[in-house]
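Enquirer: need coordinates for the below:
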Amino acid sequence: MAEFTMPSLGADMDEGTLQEWLVQPGDRVRKGDPVAVVETAKSLIEVECFETGTMVRLLVEPGTTVAVGTPLALIEPTAEEPKQREKPRKAEKAEEKRPVPAAPKRAAPPTRPEPARLPAPPAAHKRGHIEAGPLIRHLAERSGIELEALQGSGPGGRVTRTDIEQAATATVAVAPSSRLRATPLARRLAAELDVDLATVTGTGKDGAVRADDVRRAAPGPATTAPPSRHLAAPVRSPEDRTAAMRQAIAGLMARANRDIPHYYLSTTVDLAAAMNWLHEHNRRSPVGGRLLPAALLLKAAALAAREVPQLNGFWTDDHFTAGDGVHLGVAVSLRGGGLVAPALRNADTLRLPQLMTGLKDLVARARTGRLRGSEVSDSTITVTNLGDQGVESVLGVIYPPQVALVGFGRVVDRPCAVDGLLGVRPVVTATLSADHRATDGAVGARFLTAIDRLLQNPEQL
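Expert: Numbering: from 1, shown residues only. Down below sits the predicted model:
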């Protein structure tokens with residue numbers, strides 16, 4: 001049995017509040033599936049599962065604040081399932097291949113009873129003794145069928161796959177609304193707020209109704225619902241969240257300034273070739289496929305981090321550990337104040353249109369509080385771009401345990417001497433804040449030089 005624990009969603013997180021479960025006991029989950037919504041000091045985050053298996057038990061009620069590492073649920077991994085299923089499958093195949101004795105010619109051939117129309121099951125079934133293997137039990141659980149209500153048509157009263165499929169069909173025909181997919185909290189909220197789940201459009205996995213869907217469908221403000229120990233704790237107001245975020249950022253940045261010996265480098269990059277390439281690309285592309293200059297800057301930073309891996313990773317336990325890929329943290333300012341830096345995973349491998357799409361999606365979800373846990377904890381190097389705010393250069397503070405932060409300012413037209421001739425060209429100031437424990441200035445200089453070279457050859461990005 002594996003424990004699903006409250007994850008650490010950043011170096012500044014010590015505890016989190018479980019706001020909503022997106023699964024319920026008995027649900028099958030895969031590694032990477034969102035299973036809960038957790039509120040941190042910065043935002044609401046969808047936490048992914050790190051095991052593939054079956055959710056056995058939920059240990060923490062919505063609305064509970066617990067420390068990082070606290071068990072939230074128990075998961076039965078699927079590692080043992082192939083062995084468990086092997087015998088039932090072989091048994092079923094053997095039963096299918098087993099020759100059936102020929103019936104006497106004067107007797108009518110036996111007919112398979114219809115499970116949904118059979119009389120009540122015998123007393124042994126009511127006591128919970130069901131002839132069914134693990135595979136059949138799983139199919140019944142997934143289909144929402146109670147085995148106790150079936151009488152198997154297989155040898156010895158064994159429940160078969162056909163019995164499950166026929167019972168599921170009958171159930172859907174009789175009461176389709178009873179099998180709506182909804183999270184446990186959504187069902188409780190629907191009962192509290194007098195909302196018919198059948199009228200709610202679900203936004204969760206496979207169209208499952210979530211608590212937020214029920215709140216939106218409620219006839220009045222969700223806060224008017226009577227209090228209940230099952231409901232999630234009220235999400236903090238924007239003002240309270242901003243205050244908590246500022247406190248968290250202050251604590252983390254104070255620690256970073258105190259513990260990390262920063263060094264700073266900067267360079268001015270000629271963007272004439274990059275901007276010409278960008279204008280030509282956008283001229284030939286539909287509106288939805290057009291790129292912003294930020295896409296070129298981010299891709300150049302990601303490729304430079306791959307080229308200079310000493311800046312792409314973490315300083316922990318007094319030594320440097322390289323990242324398992326270039327997961328580019330992108331600093332996003334929030335409308336209510338504060339910022340988050342979710343990760344564009346494997347940014348160095350993304351084509352520019354993919355990177356642009358991923359960036360838009362990441363920014364939108366960051367500002368609506370729907371980031372994933374892996375997106376706020378996996379960054380290997382962070383980029384901050386304040387060009388749209390009119391800033392020409394950025395000297396940032398490293399986000400521990402990372403060892404580098406890249407800053408880009410506004411693209412401005414400046415007089416430049418090129419090949420002995422004076423002209424006006426678009427330029428951007430690129431800066432690097434790096435951890436002197438992990439690297440020296442020579443390594444940082446190689447990194448900025450790589451960014452400059454890549455932006456001079458935009459067709460290679």
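Enquirer: check the offset of stretch 362-376 from the chain's centre.
Expert: Chain-centre distance of stretch 362-376: 8 Å, with C-alpha atoms, centre = their mean, to the nearest Å.
Enquirer: could you give the average pLDDT over whichever strand or helix holds residue 163?
Expert: Residue 163 belongs to helix 161-174 when elements are defined using DSSP states H and E. Helix 161-174 shows a mean pLDDT of 57 in the predicted model.
Enquirer: and for stretch 245-258?
Expert: What stretch 245-258 shows for mean pLDDT is 89.
Enquirer: can you map out the strands along the stretch 301-450 of the chain?
Expert: Defined through DSSP state E, counting those that start in this stretch, the strands belonging to the stretch 301-450 of the chain, from first to last, are 313-316, 319-322, 328-330, 332-333, 339-340, 343-344, 371-372, 381-385, 404-408, 412-418, 421-435.
Enquirer: what is the mean pLDDT for the fourth one?
Expert: Spelled out, it's strand 332-333. 90.
Enquirer: cool, and the last one?
Expert: For strand 421-435, mean pLDDT rounds to 95.
Enquirer: and that strand, how far out from the chain middle?
Expert: In terms of C-alpha atoms, centre = their mean, the centre of strand 421-435 is set 35 Å apart from its chain centre.
Enquirer: which helices and strands does that strand pack with?
Expert: Secondary-structure packing of strand 421-435 (3 or more C-beta pairs under 8 Å, 6 or more residues apart in numbering; DSSP states H and E): strand 262-270, helix 272-284, helix 293-307, strand 404-408, strand 412-418, helix 441-456. From N, CA and C alone the C-beta is placed, and that goes for glycine too.
Enquirer: dump the strands of the stretch 301-450 of the chain to JSON lines, plus distance to residue 76 and mean neighbour count.
Expert: Formatted as JSON lines, the entries for those read as follows, by distance: least, C-beta to C-beta, whole Å; neighbours: other C-beta atoms under 10 Å:
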{"stretch": "strand 313-316", "distance to residue 76": "32", "mean neighbour count": "17"}
{"stretch": "strand 319-322", "distance to residue 76": "32", "mean neighbour count": "13"}
{"stretch": "strand 328-330", "distance to residue 76": "34", "mean neighbour count": "26"}
{"stretch": "strand 332-333", "distance to residue 76": "37", "mean neighbour count": "18"}
{"stretch": "strand 339-340", "distance to residue 76": "34", "mean neighbour count": "18"}
{"stretch": "strand 343-344", "distance to residue 76": "30", "mean neighbour count": "24"}
{"stretch": "strand 371-372", "distance to residue 76": "23", "mean neighbour count": "21"}
{"stretch": "strand 381-385", "distance to residue 76": "37", "mean neighbour count": "25"}
{"stretch": "strand 404-408", "distance to residue 76": "41", "mean neighbour count": "27"}
{"stretch": "strand 412-418", "distance to residue 76": "59", "mean neighbour count": "11"}
{"stretch": "strand 421-435", "distance to residue 76": "42", "mean neighbour count": "19"}
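Enquirer: identify whichever of these lies nearest to residue 61.
Expert: With respect to residue 61, and counting by C-beta to C-beta, the nearest of the strands of the stretch 301-450 of the chain is strand 371-372 at 22.7 Å.
Enquirer: listing partners with orientation, what would you give for that closest one?
Expert: Within its sheet, strand 371-372 is paired with strand 44-48 (parallel), according to DSSP bridges.
Enquirer: any buried residues in the partner strand, and which?
Expert: Applying a neighbour-count criterion of 16 or more other C-beta atoms under 10 Å, one finds 44, 45, 46, 47, 48 buried in strand 44-48.
Enquirer: quick check: next helix or strand after that strand?
Expert: Scanning forward in sequence from strand 44-48, with DSSP H and E defining helices and strands, the next element found is strand 53-58.
Enquirer: which residues touch the helix or strand following that following strand?
Expert: Read in the C-terminal direction, the helix or strand following strand 53-58 is strand 65-67, with elements assigned using DSSP H and E. Contact partners of strand 65-67, identified using C-beta atoms under 8 Å, 6 or more residues apart in numbering, comprise 6, 14, 15, 16, 17, 18, 60, 72, 233.
Enquirer: sounds good, over and out.
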